[in-house]
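J.: The following block contains a protein sequence and its predicted model.
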Amino acid sequence: GNFSNAAADTAIAWLQDSGQYTAVRGFLWQQYSRTLSKRANRPLWAEISATLAEDDKAETGQLLSTFDESLPRYDRVNAARAVDDLRLAQTAAFETQSDQIEDDQTHKQLTETLLAFSDHAGFAAGWRRIDGLDETATGLNYHYAIDPRLSFDLQWGNVQRRATDESIIRNVPNEQLFGAKLNWRHPNGETSFMVQQIDSFALYTPLLLEHEQRIDNRLSLRFGLGTQLPARDTVPLQVAGMQDLASISLRYRPTRMDEIVMAYWRDRYQLQTGGKLGDGQHVALTAAHAYRQETRDLEFSAFWSNHQYFNREYDLGGFDRQDLKIVRLLPEGFTPGPDYFLPANFSFYGVRVSTDVRYQREYTRALRPFGSVAGTYHTSFGAGYDVFLGIAGSIFGTDHFALSGGISQSGLQTGGLVKGLAFTYRIHF
């Protein structure tokens, strides 16, 4: 038989505290299925919290449309944000703040909903040392929020390079970048289109179209098509190469705390002047479990990828005059073999522990340390590690900064030591 209302509320609260939101929805259906015509008998607080936790946009929108101001005040704001109705989220947050002027949680929600739909401008600076190369990067960016679902980004960047080991590469060029990106959020996913112009070893124009399609509450599909994109597989390729890309990935969330991502992509590698260097085929699998999602969150993940390279037999004698400019970057008297631009086939895998890394990008009023530690293995370079630490926060209330640094050994790109520092800042207006 059915539980009393008090017993039902106790059971629901226990399931929610345990993070078993699917069980909450099942219990609600079992307990109140005989009174569906009297929905008011069902605990609205339990329905909306479970629906939000399960990321069920359709049901969230239905509850918001039906009950609106009857929803618990925090959940009403979160529900409006979940269905991308930022105008309603802002209105609800303002109304709640007016009624609860001493409520810190309401003030935080109000700030976040205002910043979610706002223009912002920022800059970034970074330094990176990798085999034979030092890079110092600076950049400016501007985000224009056209409406709650449509936004436009402009970007400028400069990379100063210095060769530190001329037995690997020499005469490295600096890099200038200009770019624009259009972002469209729709009810069941997101689409973006990016165009850039990069002047490095040669002038080239990256184009990238990406689309994410939400299939249901747990499953989403993402694909990308790009041409003349920057390539990072090796140091020489990073300086003088580019790639055409086709990718597809599937993201599955069996529970609120777990996620599995499977990805496949193919590349066609070229010099920035057009000379063909070979092809690549890649597959990756990541499984993650969030032990805790509230600040300070804690996530454990395991990852594996396999990288195959084909048609790497190129001949400098077959390059045209523009392609032969690559000779001035090569070590003195060196004739590159097939492994110079593209690596030999390899697999890469490991485990990672991370906490609060989302705050490297997301707004936070308080100071938030974040970081991750990983143990890795590269089938060509051997065992390695990856350590990344940082801190994020706000100075004036409507801005965001993040300072981070990292060190790794035997990573995807090189078996050597890689060090890096980065600082980002943006202000909303």
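T.: Received the coordinates, thanks.

J.: quick one: low-confidence ranges for the protein?
T.: Residue ranges of the chain with pLDDT under 70: 1-9, 11-42, 54-55, 84, 86-87, 90, 92-116, 314-318.

J.: which residues touch the residue nearest to T414 when sequence neighbours are not counted?
T.: Closest residue to T414 apart from its sequence neighbours, by CB to CB, 6 or more residues apart in numbering: D131 at 4.6 Å. Heads up, the C-betas are built off the backbone N, CA and C, glycines and all. By CB atoms under 8 Å, 6 or more residues apart in numbering, the contact set of D131 is 165, 168, 235, 414, 416.

J.: List the contacts of the last one.
T.: Going back to what we said before, that points to G416. Going by CB under 8 Å, 6+ apart, the list of residues near G416 reads 130-131, 409.

J.: now do the third one
T.: With contacts taken as CB under 8 Å, 6+ apart, V235 has the following neighbours: 130-133, 168-169, 413-414.

J.: From F334, how far off is it?
T.: 14 Å (CB to CB, to the nearest Å).

J.: Please apply the same query to Q270.
T.: Distance of Q270 to F334, computed by CB to CB: 20 Å.

J.: More neighbours: which of the two?
T.: More neighbours surround Q270 than the other of Q270 and F334, with 22 against 14 (other CB atoms under 10 Å).

J.: Could you identify the most distant pair in the contacts of V235?
T.: Maximum pairwise distance among the contacts of V235 (CB to CB): 13.3 Å, between I169 and Q413.

J.: more crowded one of these two?
T.: I169 (24 against 19).

J.: Need the three-state assignment for the more buried one.
T.: coil (DSSP: H, G, I helix; E, B strand; the rest coil).

J.: ditto for Y74
T.: Of the three states, Y74 takes helix according to three-state DSSP.

J.: That one: neighbour count?
T.: As a burial measure, Y74 scores 19 neighbours (other CB under 10 Å).

J.: G333 now?
T.: Per other CB under 10 Å, the neighbour tally for G333 reads 5.

J.: that's a helix at it, yeah?
T.: No: using three-state DSSP, the secondary structure at G333 is coil, not a helix.

J.: Q176 against N158, yeah?
T.: Yes: in terms of CB atoms under 8 Å, Q176 counts as a neighbour of N158; the distance is 5.7 Å.

J.: which strands and helices sit next to the longest strand anywhere in the chain?
T.: What stands out as the longest strand in the chain, according to DSSP state E, is strand 276-292. Contacting strand 276-292 under the criterion 3 or more CB pairs under 8 Å, 6 or more residues apart in numbering; DSSP states H and E are the following elements: strand 258-271, strand 298-310, helix 338-341.

J.: quick one: buried residues of the last one?
T.: Put plainly, it is helix 338-341. 340-341 (16 or more other CB atoms under 10 Å).

J.: Ok, the first one next?
T.: Residues of strand 258-271 classed as buried under the neighbour-count rule (16+ other CB under 10 Å) are 259, 261, 263, 265-271.
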